[in-house]
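> just coords:
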């Protein structure tokens, strides 16, 4: 791409009046040149840091401050009420908070583990030499470009109690109508299915890309040594994919712990932020939203947000360490 | 770029079993979308029939007209289009410039700044959402205005990092040095060397950004109202009515997804390449 442009520039250069540029302009041009080289990098980076500083970092720190106040939107003048760790202390005794933690982790496990295992298997199959490769890849990635809102509404219908296709399909095998929204495990499963459907193909493509960098000779040598396909997969593919697996584990963990749109739109309740009639699928993101916009408890909601962030960091760190220790068979 | 990625490794050829399993996987991937089309082209009663109907009916156009008549979808689509296009243009531009700075320019503080960009990708949106809302509503008076969606999204860490990764390999240092020798300014280098070389990655980033902006739900839900909605807000509103006409809800889902689906079908191959390239370099 760049080469023709450079050639064109080279061709144009001699067209300038010879000797004009170097002579008179040198000192001033030189200084400007130095200034340009020192300032340009910061100039080019400034939009990001400006936007992030004002709309990312500042609000985040401000949330930290708010979490130490008793600010309630429905109580004028309460914005500056410093309460110290009171909100966090209350959090520890709040059954709804722990319920939300449980739901978030439960849905998180159900959504990420099968998703990544399926993606790994799918990538392995996509790595065979075959016809229609691009079409197959497009097919598995398509779910990823749809919106949370649209997808969830589609799945609400598919997981309908009376007329849902999932229940109809299960009934072919003699399974009675499941009320997906009502139960804890059933609602977790349904929400996890939405997440899995959207993200499996995406992760499969990441794995596929990594698999294609594994030298074929390794497999040949292993085959000569009598290693089975499964053994090759475990002892060569998985270890070679470690950095990518690490990356997907962290990213999908972070995503799963922030689940908001799926549980919210999955709810058929009057107030969708309660996460079902028994709060059976109220996630932390839903709970903080509920405290903010439903109950106007800004201080308490902010504390939930920070607790959520700490949980994300904690779980991501645990996963990181666990995934880094992961080896092949040995 | 593509030349370097071409594989020297040989692969096993797929047997029937591989095709069969992949076929099932693709079917499962496509089925919910196919089924949306089925439901969107039928009446509410038809889709509540057991055993279910599995073929599209003839009411798609009727349902689409109904959705547009019953909701603010026209305004919502226009809003989403304005927001997504503006955000895309801005993100692609700022990411290319910033990515170039990180990839090819030497300056004090480069490493810590890059590390802080990567770190910001870990921060959940929720963490700043209330102050962000308060800023928008009370300080800037932007609540329920499109700039509340555009400005905070005008640059992002992912884009910056994505372009950096690409430009490291796509722009040869020798070319930049040669340009410098010719007395080219940094802006000149950007214009004549970086932008032409970055074009493939810019289009992938543009597509990803457009889809993310079009599909965003959480922040619009907080800062916008049904008086000035985005597509996803109208869609969620359509689904929260008392009498739920599922064929209309799913027609809405189809209409809301249509622009992104069309764009994906047009650009799909490049997007896949972009995702896979990011994966191997990460």
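Cool, the structure landed. Everything quoted here is computed from the prediction, not taken from an experiment.

> where do the helices sit along the stretch 51-200 of chain B?
Listed from the start of the chain, the stretch 51-200 of chain B has helices (DSSP state H, counting those that start in this stretch) covering B:60-70, B:73-104, B:110-120, B:129-134, B:147-150, B:157-170, B:173-181, B:186-189, B:195-215.

> May I see those helices arranged in JSON lines, with mean neighbour count and mean pLDDT as well?
Glycine gets a C-beta too; all of them are placed from N, C-alpha and C. Supplementary listing: these in JSON lines, determined by neighbours: other CB atoms under 10 Å in any protein chain shown; pLDDT from 0 to 100:
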{"stretch": "helix B:60-70", "mean neighbour count": "16", "mean pLDDT": "93"}
{"stretch": "helix B:73-104", "mean neighbour count": "22", "mean pLDDT": "96"}
{"stretch": "helix B:110-120", "mean neighbour count": "14", "mean pLDDT": "90"}
{"stretch": "helix B:129-134", "mean neighbour count": "23", "mean pLDDT": "88"}
{"stretch": "helix B:147-150", "mean neighbour count": "20", "mean pLDDT": "96"}
{"stretch": "helix B:157-170", "mean neighbour count": "22", "mean pLDDT": "91"}
{"stretch": "helix B:173-181", "mean neighbour count": "14", "mean pLDDT": "90"}
{"stretch": "helix B:186-189", "mean neighbour count": "18", "mean pLDDT": "90"}
{"stretch": "helix B:195-215", "mean neighbour count": "21", "mean pLDDT": "92"}
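
> Which one of those lies nearest to residue B:20?
Proximity to residue B:20, assessed across the helices of the stretch 51-200 of chain B by CB to CB, is greatest for helix B:195-215 (30.9 Å).

> and the next element down the chain from the closest one?
Sequence-wise, the next helix or strand beyond helix B:195-215 is helix B:218-223, with elements assigned using DSSP states H and E.

> so which residue of chain A comes closest to chain B?
Nearest residue of chain A to chain B, counting by CB to the nearest CB: residue A:59, 3.0 Å away.

> wait, residue A:97 sits on residue A:304?
Yes. In terms of CB atoms under 8 Å, residue A:97 counts as a neighbour of residue A:304; the distance is 6.7 Å.

> any shared contact partners between these two?
Taking CB atoms under 8 Å, 6 or more residues apart in numbering or on different chains as the contact rule, the neighbours common to residue A:97 and residue A:304 are A:91, A:287.

> quick one: which of these two has more around it?
For residue A:97 and residue A:304, the more surrounded residue by other CB atoms under 10 Å in any protein chain shown is residue A:304, and the numbers stand at 27 against 22.

> and the more buried one, what is it in contact with?
By CB under 8 Å, 6+ apart, the contact set of residue A:304 is A:91, A:97, A:100, A:284, A:287, A:288, A:291.

> if we go to 10 Å?
Contacts for residue A:304 were tallied using CB atoms under 10 Å, 6 or more residues apart in numbering or on different chains; they are A:67, A:87-88, A:91, A:94, A:96-97, A:100, A:284-285, A:287-292, A:297, B:126.

> which stretch among the helices of the stretch 51-200 of chain B comes nearest residue B:252?
Within the helices of the stretch 51-200 of chain B, the stretch nearest residue B:252 is helix B:60-70; the backing value is 5.1 Å (CB to CB).

> Do the closest one and chain A come into contact?
No. Under the criterion of CB under 10 Å from any CB of the partner chain, chain A is not reached by helix B:60-70; the shortest gap measures 12.6 Å.

> can you check stretch B:15-29 too?
Yes. Contact of stretch B:15-29 with chain A (CB under 10 Å from any CB) involves B:15, B:17-23, B:25-29.

> which other residues reach that stretch?
Taking CB under 10 Å, 6+ apart as the criterion, the residues outside stretch B:15-29 that touch it are A:118, A:121-122, A:124-133, A:135-144, A:197-198, A:200-201, A:204, B:12, B:14, B:34.

> so which strand or helix has residue 251?
With no chain named, the answer covers chain A. In the assignment (DSSP H and E), residue A:251 maps to helix A:242-257.

> if you could check chain B rather than the one you did, that'd help
Under the criterion of DSSP H and E, residue B:251 resides in helix B:246-281.

> With residue A:287 instead?
Using DSSP H and E, residue A:287 falls in helix A:284-289.

> What is that helix packed up against?
Using 3 or more CB pairs under 10 Å, 6 or more residues apart in numbering or on different chains; DSSP states H and E as the contact criterion, the elements in contact with helix A:284-289 are helix A:95-126, helix A:261-266, helix A:298-325, helix B:129-134, helix B:218-223.

> Buried deepest among these, which one?
Mean neighbour count, computed with mean count of other CB atoms under 10 Å in any protein chain shown, is highest for helix A:261-266 among the helices and strands packed on helix A:284-289, reaching a mean of 25.

> Now chain B against chain A: closest residue?
Relative to chain A, the nearest point of chain B is residue B:128 (3.0 Å; CB to the nearest CB).

> For that residue, the count of nearby residues, please.
Using other CB under 10 Å, residue B:128 has 24 neighbouring residues.

> quick one: the spatially closest residue to it that is not a sequence neighbour and residue B:139, what's the gap?
Closest residue to residue B:128 apart from its sequence neighbours, by CB to CB, 6 or more residues apart in numbering or on different chains: residue A:59 at 3.0 Å. For residue A:59, the distance to residue B:139 equals 11 Å [CB to CB, to the nearest Å].
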